[in-house]
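**Student:** Here is my input, please return the structure:
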Amino acid sequence: MVASILSRSALRLATTSTTPRSLLSLQQGARRGYAEAVSDKLKLSFILPHQAIYNSEEVTQVNIASASGDMGILASHVPSVEELRPGVLEVIESSGAKKWFVSGGFATVHPNNKLVINAIEAYNLEQFSPEAVRSALAEAQRVASSSSSAEDKAEAEIEVEVYTAIQAALAAK
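**Tutor:** Below is the predicted model of the structure:
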């Protein structure tokens with residue numbers, strides 16, 4: 001009697017545990033996984049104080065210079081907030097790549113393939129003259145190392161950081 005109760009319990013357990021599994025295996029062929037259901041494009045909004053360069057437009061990838069390091073953002077990227085440091089922001093579209101120099105701001109990656117970039121200033125890299133950048137960098141370095149006021153030195157150090165980043169971006173172009 002104990003043996004028959006145990007065998008019936010085992011049979012019930014086996015039947016109930018295989019039924020959901022077999023149903024799941026039948027349904028798996030019809031289900032779509034997360035990666036298959038998500039678009040391979042990123043919706044970019046690239047916004048300056050008085051201008052939107054991109055307004056929720058589809059792009060392939062965006063490369064940013066963040067305070068935590070350079071990073072590339074694709075569709076399905078994990079949601080995050082990144083502080084932008086002076087550097088290049090590259091937008092890769094199906095038609096090619098566009099590059100801007102961004103002095104600072106924030107990049108916010110949202111779920112559903114949305115990226116919002118709020119920048120203080122952004123200029124197309126082609127707007128910069130390598131000679132003018134070199135000259136301005138030399139002047140900023142001179143002020144930073146002189147016996148100027150603390151305020152002038154602080155401003156010059158920021159200028160040195162920005163001009164050095166522009167110069168590196170132009171050299172990598």
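
**Student:** For His110, give the beta-bridge partners.
**Tutor:** Lys114 (DSSP bridges).

**Student:** Determine the number of other residues adjacent to it.
**Tutor:** Each residue near His110 was counted by other Cβ atoms under 10 Å, and the total is 14. Where C-beta positions appear, they are placed from N, C-alpha and C, glycine not excepted.

**Student:** hang on, it packs against His77?
**Tutor:** No. His110 is not in contact with His77 according to Cβ atoms under 8 Å; the separation is 9.6 Å.

**Student:** Overlap of the contact sets of the two?
**Tutor:** By Cβ atoms under 8 Å, 6 or more residues apart in numbering, His110 and His77 have no common neighbours.

**Student:** what are the ranges of the strands in this structure?
**Tutor:** 42-48, 51-59, 61-66, 69-73, 80-84, 87-93, 96-102, 105-110, 114-119, 122-124 (DSSP state E).

**Student:** Remind me what the third one packs against, helices and strands.
**Tutor:** So that's strand 61-66. When contacts are defined as 3 or more Cβ pairs under 8 Å, 6 or more residues apart in numbering; DSSP states H and E, strand 61-66 sits against strand 42-48, strand 69-73, strand 80-84, strand 87-93, strand 105-110, strand 114-119.

**Student:** Of all the residues in the third one, which ones are buried?
**Tutor:** Looking back up the chat, that one is strand 80-84. 82, 84 (16 or more other Cβ atoms under 10 Å).

**Student:** Please compute how far it lies from its chain's middle.
**Tutor:** 8 Å (Cα atoms, centre = their mean, to the nearest Å).

**Student:** low-scoring pLDDT stretches of this structure, where are they?
**Tutor:** 1-39, 173 (pLDDT under 70).
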